[in-house]
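> sequence and predicted structure, then a few things I'm wondering about:
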Amino acid sequence: MNSIYFIRVTILALLYFIAGNLSLIISQENNIATIVIFGSEGIALAAAILYGKKVWVGVFIGQFFLAYLNNIPLMPSLGVAMVNSLEVVLAVVVFKHFKFNKNLSEIQDVVGFILLIIFILQPFSATFGNLILTYFSIIEWDNYFYNAFFWWFGNIMGQLLVAPMLLLMNAHLKKEEWNYFLMVGLFFAVLSYAFLDVLPITNPLLLLAITLPLILYLSFIKGVHYGAFSTLVIALVSVYLTYIGVGVFIGKEDLEHLLNLNFYFLFQILLVLLIGTSFVEKKNKAKSLEVMVKQEVEKNREQQLYMLQRNRLVLKGEMINMIAHQWKQPLNNLSLINQMHILDYEAGELNDKTMLDFVKDSSVQIQQMSQTIADFTNFFRPEINQKEFYLSDVINQSIELLKPIFQKEKIFLILDLEENTEIKLKGYPNELGQMIMNILNNAKDALIENEIETKKVWIYGKRINDRIHFYIEDNAGGIPKPIVEKIFDPYFSTKAKNGTGLGLYMSKIIVEEHMKGQLSVSNSDRGALFEIILPLTS
């Protein structure tokens, strides 16, 4: 831990010292208070945000040697170094207090970071740093505000151009992107050199109009760290060309061209940070929303599968009940056949003919029971691929499976499908059959519960244009109005004990999502009326 800390402090001190000297070389004013972009401040601020207050030691060392080796006496050099060290400590405290995100991923973090630099850090640094220089007579009292403004403006530019870029690079730049990242920087270096020297542009606004859209577009597609880096590259090239007397920012006075240069890059970096972050934030929110929608769709799909499985379990329970009804007659027949052969045995009348009759009669009953199992198994087998089928076949199969129960409860089933419905549909016949059975079972329960004397269920249908309309209607009196709108809701059931509330819900899913049709319910003069509409191309 100590070795890592020592390495960080050493690297920070060296970078601070080197970047500061580069700024002072270009400066035409004095050795410390300079309006030139002071990149050291940006490096120090980014390091403090990333690694904490302890890096103040590196800032102190770098600033001390920067001042002392540029002809500032020992005591004021120590004083200025202490002010800049306290500045990074203050930055960390305020940054954490307002809970800014060091990744600068949201516009509120970027705005807060900008305000922190302009209205807290640099007023603090410029005020106390220049007080020390004035106290030790490095600058005159008459020039205090003049030099404080230089300090404030130069440091702001250094921090806005460098600190956000380093924080964004730390958060978003991947190792495999470095080559592309540097190529982008080289492109903007060549571009700015071409505009300022080879094809000199004399209007700063025209230069801004050319470079800013490119940088904003880059920020949107690759990230704001690319935009911030490109802006810094253009700034460095522009500062160098201006220093050697080339470009649009050359004026009659050094102060004039430095002010123009700083305002140009202040405007550009603020737009890149604010607009670029807004674009990226909206882009990320759109992606997050897309992911959320996909997750919800997947969650809903899983929930539907879960409900479908539960509904199938319920249907399988009913299937066992139906099989029991189907098996009653053949089991009774087998019992009678066995009893008759026992009597023949006791009477000594067993012979080849009676044994052949026994085998033949029992085989017929066993085959009937086996066929019942096969019919139910096929009917409830999940389907993966769509098939072509006739609606009448599915309805007849559903009725056949329910016939024993309906006969026991003395429910009359009246089937009336018009001839024009005899046309092939495409979809999932087993699922459609299960839906029909759900509705028929509900009709049966309603008829029994309401103690209807003559229990009837009608199934009828017709073709209208390119759709098949068929109906299932009972004479149980209808569905109470307060619950008719909830009848297809999941887990809503009118059955106090045995209802799961999934049958009609899954029936609607089967018809509307799997078969691309429509399922609705209303009350007729006789009772509940379910209308199922299936497209011919379902």
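That came through, no problem.
> list the buried residues in the longest strand anywhere in the chain.
Taking DSSP state E as the criterion, the chain has its longest strand at strand 455-464. Neighbour-count burial for strand 455-464, with 16 or more other CB atoms under 10 Å as criterion, is recorded at K455, K456, V457, W458, I459, G461, R463. Yep, even glycine has a C-beta here, placed from its N, CA and C like the rest.
> what do you get for stretch 513-524?
Across stretch 513-524, burial judged by 16+ other CB under 10 Å covers H514, M515, G517, L519, V521.
> cool, and stretch 277-286?
T277, S278, F279, V280, E281.
> try stretch 95-110
F95, F100, K102, L104, S105, E106, I107, D109, V110.
> mind listing the strands for the protein?
387-390, 411-417, 424-427, 455-464, 467-474, 518-523, 528-535.
> who does the longest strand of the chain touch, helix- and strand-wise?
On a contact count with 3 or more CB pairs under 8 Å, 6 or more residues apart in numbering; DSSP states H and E, strand 455-464 meets helix 391-408, strand 411-417, helix 429-449, strand 467-474.
> out of the ones you listed, which is closest to S85?
Each of the helices and strands packed on strand 455-464 has some distance to S85 by CB to CB; the shortest is helix 429-449, at 73.8 Å.
> just the CA trace of the closest one, in CSV.
Written as CSV, here are the backbone C-alpha positions of helix 429-449 (Å, rounded to 0.1, in the frame of the first residue of the first chain):
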residue,chain,number,x,y,z
PRO,A,429,-55.0,-27.3,-32.4
ASN,A,430,-54.2,-28.9,-29.0
GLU,A,431,-54.0,-25.5,-27.3
LEU,A,432,-57.2,-24.4,-29.0
GLY,A,433,-58.9,-27.6,-27.8
GLN,A,434,-57.7,-26.9,-24.2
MET,A,435,-59.2,-23.5,-24.5
ILE,A,436,-62.6,-25.0,-25.6
MET,A,437,-62.4,-27.4,-22.8
ASN,A,438,-61.8,-24.6,-20.3
ILE,A,439,-64.9,-22.8,-21.4
LEU,A,440,-67.0,-25.9,-21.5
ASN,A,441,-65.9,-26.9,-18.0
ASN,A,442,-66.8,-23.4,-16.8
ALA,A,443,-70.2,-23.7,-18.4
LYS,A,444,-70.7,-27.2,-16.8
ASP,A,445,-69.8,-25.8,-13.3
ALA,A,446,-72.1,-22.8,-13.8
LEU,A,447,-75.0,-25.0,-14.8
ILE,A,448,-74.5,-27.3,-11.8
GLU,A,449,-74.0,-24.5,-9.3
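> just want the angle from it to strand 411-417.
Counting by axes from the mean of the first three to the mean of the last three CA atoms, to 10 degrees, helix 429-449 points 140 degrees away from the direction of strand 411-417.
> now do the buried residues in helix 429-449.
Buried residues in helix 429-449 (16+ other CB under 10 Å): 429-447.
> check which helices and strands it is in contact with.
Using 3+ CB pairs under 8 Å, 6+ apart: helix 429-449 touches helix 254-346, helix 352-379, helix 391-408, strand 455-464, strand 467-474, helix 503-509, strand 528-535.
> contacting residues for H514?
G427, Y428, E431 (CB atoms under 8 Å, 6 or more residues apart in numbering).
> measure it to L534 for me?
Per CB to CB, to the nearest Å, H514 is found 11 Å from L534.
> residues shared between the contacts of those two?
Common contacts of H514 and L534 (CB under 8 Å, 6+ apart): G427.
> can you tell me how far I533 is from I373?
As judged by CB to CB, I533 and I373 stand 34 Å apart.
> same question, G517
Distance of G517 to I373, given as CB to CB: 31 Å.
> residue ranges in the stretch 401-538 of the chain under the pLDDT threshold?
Applying pLDDT under 70 to the stretch 401-538 of the chain picks out residues 491-503, 537-538.
> cutoff 50 now
For the stretch 401-538 of the chain, the stretches with pLDDT under 50 are 496-497, 499-500, 538.
> ok, now the stretch 251-400 of the chain?
252.
> which one of the strands of the chain lies closest to N300?
With CB to CB as the measure, strand 518-523 is the member of the strands of the chain nearest N300 (18.5 Å).
> what's the closest one in contact with?
435, 478-479, 481, 484, 487-488, 507-508, 511-512, 528-533.
> distance between that strand and the chain's centre?
Offset of strand 518-523 from its chain centre (CA atoms, centre = their mean, to the nearest Å): 36 Å.
> angle of it against strand 528-535?
Using the same axes, to 10 degrees: strand 518-523 against strand 528-535 is 160 degrees.
> list the neighbouring strands of strand 518-523 plus their orientation.
Paired neighbours of strand 518-523 in the sheet (DSSP bridges): strand 528-535 (antiparallel).
> can you list the buried residues in the strand it pairs with?
A528, L529, F530, I532, I533, L534, P535.
> now render those as JSON lines, adding distance to L121.
Formatted as JSON lines, the buried residues of strand 528-535 follow (distance: CB to CB, whole Å):
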{"residue": "A528", "distance to L121": "74"}
{"residue": "L529", "distance to L121": "75"}
{"residue": "F530", "distance to L121": "72"}
{"residue": "I532", "distance to L121": "71"}
{"residue": "I533", "distance to L121": "70"}
{"residue": "L534", "distance to L121": "71"}
{"residue": "P535", "distance to L121": "68"}
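> tell me which of the residues you listed is nearest to I234?
P535 (61.0 Å).
> in space, what's closest to L196 - neighbours in sequence excluded?
Take L196 and drop its neighbours on the chain: the residue closest to it by CB to CB, 6 or more residues apart in numbering is G247, 3.8 Å away.
> swap in M165?
Spatial nearest neighbour of M165, chain neighbours left out: A228 (3.8 Å); criterion: CB to CB, 6+ apart.
> ok, now which ones touch that neighbour?
A228 neighbours (CB under 8 Å, 6+ apart): L161, P164, M165, L168, S219, I269, V272, L273, G276.
> swap the cut-off to 6 Å and go again
P164, M165, L168 (CB atoms under 6 Å, 6 or more residues apart in numbering).
> scan those residues and report the most crowded one.
Using other CB atoms under 10 Å as the neighbour criterion, P164 leads the contacts of A228 with 30 neighbours.
> show the pLDDT at that one.
Looking at P164, its pLDDT reads 96.
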